[in-house]
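**Q** The sequence isn't on hand, but the structure is:
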């Protein structure tokens, strides 16, 4: 009986994949957030772009990916002009118009970065950063710990910029004392500027926040969401997911 149920599930998945192959490209939006997703001058690229493109490709679906300012990307998926957005943190506000995948697309470690010559008494609490000049990216969710501190105005001096590369330049130029950023994202920008030796990641990390593909509720894409979740689970279990990440950093 179990084998029969499993067989029916596989058959249903294959039928859905065939139907997907006959449909047009899935319209995806994201934002400039290297090394996960960014515009390389001719097309979208990055760790997550490659994972997502491969996952949809296994269903026979092509994708069109726009790299936009985050607020613009959110607006397009909210109105249904885009089918899905990535990599999105889950918030109560966004769940009003986004249908999140159940499989985590990319866990993101959020931490505090500062210059080695700075003296910041960070102990893991947001209160210890209350009077620190902190750089952030406009419109980005940093997960529940940081978002709650911002909303409660525990952080008194915040400097917002439109993208993460500007945030790192602000830090290196001494215009802010610290930035809160994703670990791989910070390392990516610092490596590009040959500045990793000049900066330190403060411990402990603030959090490890799951990020997702989130689908527009205007599109009625529950079947597509479930099918992509299934593909992602298979890619993770087989090692293909990690292989894509490893190949990216070997380039």
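**A** Looks like it arrived, so ask away. No experiment lies behind these values; they were computed from the predicted model shown.
**Q** Would you mind checking the average pLDDT for stretch 181-200?
**A** Averaging pLDDT along stretch 181-200 yields 90.
**Q** now it, how far from the centre of its chain.
**A** Stretch 181-200 has its average C-alpha position 17 Å from the chain's average C-alpha position, going by CA atoms, centre = their mean, to the nearest Å.
**Q** what about it, start to end distance?
**A** 12 Å (CA to CA, to the nearest Å).
**Q** again, but for stretch 166-182
**A** 14 Å.
**Q** Tell me where the model's unsure across the chain.
**A** Across the chain, the ranges flagged by pLDDT under 70 are 1-23.
**Q** which non-adjacent residue is nearest the spatially most central residue of the chain?
**A** Nearest residue to the geometric centre of the chain (CA atoms, centre = their mean): residue 87, 2.9 Å. Leaving aside its sequence neighbours, residue 87 sits nearest to residue 211 (CB to CB, 6 or more residues apart in numbering; 3.8 Å). No exception for glycine: its C-beta is placed from N, CA and C like everyone else's.
**Q** Quick check, the one you found in contact with residue 85.
**A** No - counting by CB atoms under 8 Å, residue 211 stays clear of residue 85, with 10.4 Å between them.
**Q** of these two, who's got more company?
**A** Using other CB atoms under 10 Å as the criterion, residue 211 and residue 85 rank with residue 85 on top: 25 against 22.
**Q** measure the more buried one to residue 112 for me?
**A** Distance of residue 85 to residue 112, given as CB to CB, to the nearest Å: 26 Å.
**Q** likewise residue 209?
**A** In terms of CB to CB, residue 209 sits 14 Å off from residue 112.
**Q** same deal with residue 251?
**A** In terms of CB to CB, residue 251 sits 29 Å off from residue 112.
**Q** so who does residue 39 touch?
**A** The contact partners of residue 39, taken as CB atoms under 8 Å, 6 or more residues apart in numbering, are 32, 45, 67.
**Q** Am I right that the first one is in contact with residue 161?
**A** To tie it back to what came earlier, the one meant is residue 32. No - between residue 32 and residue 161 there is no contact under CB under 8 Å: 11.5 Å.
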